Structures are given as structure tokens and as C-alpha cells.
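Participant: Fold the following for me, if possible:
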Amino acid sequence: MEFIKQPMEIETRSMEIIAPYLDRLNLDEKAVKVYSRIIHAAGDVEYAPIIRIGEGAIEKAMAALRSGSDIYTDVEMVRTGINKRKLASFGGEVHCLIADAEVAEQAKAEGITRSMAAMRRFGKKLDGSIVAIGNAPTALFEVLRLVREEGVRPACIVGIPVGFVGAADSKKELAENGMVPYITVEGTKGGSPIAAAAINAMMYLINNDRG
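Facilitator: Next up is the predicted model:
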């Protein structure tokens, strides 16, 4: 059986297959890159019509990344999926507190999820940063509470939690927040690889801008 063996050729062919599903969406060049990376990570072209990118979100996220802003994630899977070498080249780091013992104690004491407690612990550190949530709707709800009630202002929230309980609702609230730029996916689809893919796509765009 003949099959493509070269990594770059595989990626190029994948993007060629994805392209027709984006043609009718009237996307700019940067959005095409982000959509394509998300669809490629999911292996699912049904993502094309349900990806939502708030006005100016890609540009604001790229500006934050260029300036060395950090990324704050809900779970280790998102942190692992982000290209940390590229991020470090801009001066940023990825943070995740889901396994932190003090966060676990706080979550138990307050009767909340560890991902919520982690976002509370990050608090004002989220100002000007990128928030990447790929697993826990409760983390996204908490970040939006921080935005609404405590004036926290991330540069961009990549909120793509997956699942049947709270995920669709949290992403709907994100898309309607009106205060912070966002990238999300409607409904129950999503996950850590998808959130990481969106982040990586924007870092690759920065490299392209630099030539």
C-alpha cells in the first residue's frame, strides 16, 4: 500500500483537503490558518462552521504573544500540547496549577473544581495574558466571572472545553461576554488538543509575519 511518508507533505496535503470547507466562510488569511490548525488537530471538517473568533482576537493574541505574555491553562494536556519552545522564543511561559497541592486544598475547602481554584489562584496574573482552556467548563466560567466581577482582562481567551455538561453553555457565555477577545467552538466539541492547536497556529503566524 502506497502512502505519504514525509511529515511536511502530509501536512500540506491535509491543508489542501481542509481548504474547500473554508472557502465559503469568507475568512481572512490569519483566520484561515487558525481554522485549518483546529480542523487538522480534530481530524474533523465539521468544525468549520462552528468555530467562532471574536473581532480582533487573533491580532490581539498575537500582539500579546509577541510581547512575551504568558499562557495560563486549565489542564496539563493543554500545556503539553502548546509549542513551548516557540513560546519561549517570544519570552513567554505556560502555566498550569491543576496538580498543585494548595489548589487541591482550596478546591476542597471551597467546594469547587480544581480548575476553578487554579483560575482563582492565577487571578490578576491573567491580565494581558492568553488563557487557554481545553477541558473544564468550570474553568471557563470562573475566568468569565473574574472578567465580569473583578475586572481581569486577558488579551485573549481561547476557550474550547469539551463535553456534555456545561461546555456549550460556557462557550456561549464566552462568545457573548463583550469584554475580552475570544476563540471558541460552538456546542459540545472541543478538547485540549484543539485549544493547543489554536495557540500554536497563532505562534506560527507570528513567525510568518517575521519572515
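
Participant: what bits of the chain have low per-residue confidence?
Facilitator: 1-7, 208-211 (pLDDT under 70).

Participant: can you pull out the strands in it?
Facilitator: 51-53, 71-73, 94-96, 130-133, 156-159, 182-185 (DSSP state E).

Participant: Mean neighbour count, the ones you listed: which tops it?
Facilitator: Ranked by mean neighbour count, the strands of the chain are led by strand 156-159 with a mean of 30 (mean count of other CB atoms under 10 Å). Where C-beta positions appear, they are placed from N, C-alpha and C, glycine not excepted.

Participant: Please compute how far that one lies from its chain's middle.
Facilitator: 5 Å (CA atoms, centre = their mean, to the nearest Å).

Participant: need the strands of the chain in CSV with distance to Val34, can you?
Facilitator: CSV is the format used below for those (distance: least, CB to CB, whole Å):
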stretch, distance to Val34
strand 51-53, 7
strand 71-73, 15
strand 94-96, 18
strand 130-133, 13
strand 156-159, 10
strand 182-185, 7
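
Participant: So for Leu65, which of these sits nearest?
Facilitator: strand 130-133 (6.7 Å; CB to CB).

Participant: what lines up beside the closest one in the sheet?
Facilitator: Partners of strand 130-133 in the sheet, by DSSP bridges, are strand 71-73 (parallel), strand 156-159 (parallel).

Participant: Go through these and name the closest to Ile18.
Facilitator: Of the strands paired with strand 130-133, nearest to Ile18 by CB to CB is strand 156-159, at 19.4 Å.
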